[in-house]
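Asker: below: sequence and its predicted model.
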Amino acid sequence: MSDVTDAVAHLAGHGTAVPAMVLASVGALMVTAGLRSRWSRRHGHAPPADDTGARPPTDERPAGPGQTEREGGGSALWRMRTTVRDEPGSLAELCAALAERRIDILSLQTHPLAEGTVDEFLLRAPGELSGTELAGVVTAAGGARTWTERADAHDLVDAPTRVLGLATRTALDAAELPLALRQLLGRCTIRSLPAITGAEAVEAVPPEGALEDTVLRLRAPEGGVISVERPHLPFTPAEFARARALVELDARLGPRIPRGRDVLTLAEGSDITVRRADTRDVPAAKAMHERCSALTLGLRYHGPVGDADRYLGHLLSPRFGRTLAAQTASGRIVGLGHLLWDGDETEVALLVEDAWQRRGIGGELLGRLVAMAAETGCESVYAVTQASNTGMVAAMRGLGLPLDYQIEEGTLVVTARLDPSARAAAHLPQGDPVGRE
């Protein structure tokens, strides 16, 4: 446990660029903005694209359900970042302007830079105040390059608590690293890039990583590079240090997945074990593919499979999502379910060996995958299939969630909504479907 303790302590130590007494009472990390892509952005059925983050948004988050730009009363939470002059009284002038408009400062985090200081606020403002008006107040008080975004109650968690929670999640499960980085840095695009050999590798990313305004790059634990882009908001040195510490923690701990598993008894009496899988299961997964018919593989991959090793290396990598395997008592894998981080959306995909189809395995895998997606805060999941794939369509219906059906270029896309009210009435496993260590 010494590696975990050292790395977590190192992570917490990078949480501030201001005195510790200040951060003890104020500070909030950026959080993910959620899933709001258009259908036209969906891409790649297999393997998944090398993109595990959200694309750059506009400065102001769209209003949520039941909200309007001007709520006509009450209050609203906002996250705001602005650059102020590094001079005595600059911050006081800004705070006075906010107070004049009845805007309450709930927390403040300061990021000193070479020129000026970036101040990040969590604010409670009158409900009728728009993001544009809020930015105008700040600009008039001397703020520059102001960015605003609607916040929620999750932003009220103090920075040290949030950072330690992300570190714990990463320590337990390698698949959590992309999600932890997204929650740490807010809406961003995270890409895993292949390793570069020779002299170019040194030039590409130094061992300590590289920060270039709106792009940060870090050496990936398994080789290659993790690239994080956030064009709408430059990264600060403190954010860079936190992200680097998370990646260092992941590298120290090496490959790992929770060892929990479920043993299910199928209708005809056979026992099937459902467990997490990763790239160490590629040989067994490839053997299952070889036992599947061309029709089954075609329904899953929407065309010729090609190089199964390359596909499975992607699909089973924790960098791109989570995988569940269904295996027999002898250890043979007969079904695979994937939860894939597809940009700022989440895809589910299933493959069950022909001889084991129509026994409920696909539905069991799918229910657990969707429960995992709900646990990570996803607002929806989608499956890309064909209308002739009645098994997949039936499994999606069996979730008991509200579904949306759309046809894109001859392909059926079924989306399940995961808001709290929908999940309350759904047929999903309770808690972590495969356990945590």
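Answerer: Sure, I can see it. Just so we're clear, the structure is a prediction, and the values are computed from it rather than from any experiment.
Asker: CA atoms for contacts and neighbours, from now on please.
Answerer: Noted.
Asker: can you show me the strands along the stretch 251-400 of the chain?
Answerer: Here the stretch 251-400 of the chain has its strands, by DSSP state E, counting those that start in this stretch, at 261-265, 271-277, 321-327, 333-342, 345-352, 380-385.
Asker: let's have the ones you listed in a markdown table, adding distance to Ser192.
Answerer: Compiled in a markdown table, the strands of the stretch 251-400 of the chain are given as follows (distance: least, C-alpha to C-alpha, whole Å):
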| stretch | distance to Ser192 |
| --- | --- |
| strand 261-265 | 28 |
| strand 271-277 | 20 |
| strand 321-327 | 12 |
| strand 333-342 | 12 |
| strand 345-352 | 17 |
| strand 380-385 | 22 |
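Asker: to Thr132, which of those lies closest?
Answerer: Thr132 lies closest to strand 345-352 among these, at 27.5 Å (C-alpha to C-alpha).
Asker: which strands or helices does that closest one pack on?
Answerer: helix 294-301, strand 333-342, helix 361-375, strand 380-385 (3 or more C-alpha pairs under 8 Å, 6 or more residues apart in numbering; DSSP states H and E).
Asker: center of the chain, which residue is that?
Answerer: Leu179 (3.3 Å; C-alpha atoms, centre = their mean).
Asker: for that residue, helix, strand, or coil?
Answerer: Here Leu179 takes the helix state, with states given by DSSP: H, G, I helix; E, B strand; the rest coil.
Asker: separation between Gly298 and His289?
Answerer: 11 Å (C-alpha to C-alpha, to the nearest Å).
Asker: residue ranges with poor pLDDT in the protein?
Answerer: 1-73, 195-204, 303-309, 343-344, 430-437 (pLDDT under 70).
Asker: again, only this time at 50
Answerer: 1-72, 201-202, 436-437 (pLDDT under 50).
Asker: in it, mark out all the helices, start to finish.
Answerer: 2-13, 20-23, 90-100, 131-140, 159-172, 177-185, 199-204, 237-253, 282-291, 294-301, 308-315, 361-375, 390-397, 420-424 (DSSP state H).
Asker: wouldn't Asp213 be in contact with Pro237 here?
Answerer: No. Asp213 lies out of contact with Pro237 (C-alpha atoms under 8 Å); the separation is 9.6 Å.
Asker: related to what we said a few turns ago, looking at the helices and strands packed on strand 345-352, which is buried most?
Answerer: Ranked by mean neighbour count, those are led by strand 333-342 with a mean of 26 (mean count of other C-alpha atoms under 10 Å).
Asker: output that one as PDB, restricted to C-alpha atoms.
Answerer: Once non-C-alpha atoms are left out, strand 333-342 reads as follows in PDB (Å, rounded to 0.1, in the frame of the first residue of the first chain):
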ATOM      1  CA  ILE A 333     -15.600 -17.000 -22.600                       C
ATOM      2  CA  VAL A 334     -19.000 -17.200 -24.400                       C
ATOM      3  CA  GLY A 335     -20.100 -13.600 -24.300                       C
ATOM      4  CA  LEU A 336     -18.600 -10.100 -24.200                       C
ATOM      5  CA  GLY A 337     -20.200  -6.800 -23.300                       C
ATOM      6  CA  HIS A 338     -18.500  -3.500 -23.800                       C
ATOM      7  CA  LEU A 339     -19.200  -0.100 -22.200                       C
ATOM      8  CA  LEU A 340     -17.300   2.400 -24.500                       C
ATOM      9  CA  TRP A 341     -16.400   6.000 -23.700                       C
ATOM     10  CA  ASP A 342     -17.300   7.400 -27.200                       C
END
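Asker: can you spell out which helices and strands pack onto that strand?
Answerer: helix 282-291, strand 321-327, strand 345-352, helix 361-375.
Asker: mind giving me JSON lines with these and columns for distance to Ala387?
Answerer: Below are the helices and strands packed on strand 333-342 laid out as JSON lines (distance: least, C-alpha to C-alpha, whole Å):
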{"stretch": "helix 282-291", "distance to Ala387": "22"}
{"stretch": "strand 321-327", "distance to Ala387": "24"}
{"stretch": "strand 345-352", "distance to Ala387": "15"}
{"stretch": "helix 361-375", "distance to Ala387": "17"}
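Asker: figure out which of these is closest to Pro231.
Answerer: Closest of those to Pro231 is strand 345-352, at 19.0 Å (criterion: C-alpha to C-alpha).
Asker: for the closest residue in space to Leu218 that isn't next to it in sequence, which residues are in contact?
Answerer: Nearest in space to Leu218, with sequence neighbours left out and distances taken as C-alpha to C-alpha, 6 or more residues apart in numbering, is Gly209 at 4.5 Å. Gly209 makes contacts with Leu216, Arg217, Leu218, Arg219, Arg244, as judged by C-alpha atoms under 8 Å, 6 or more residues apart in numbering.
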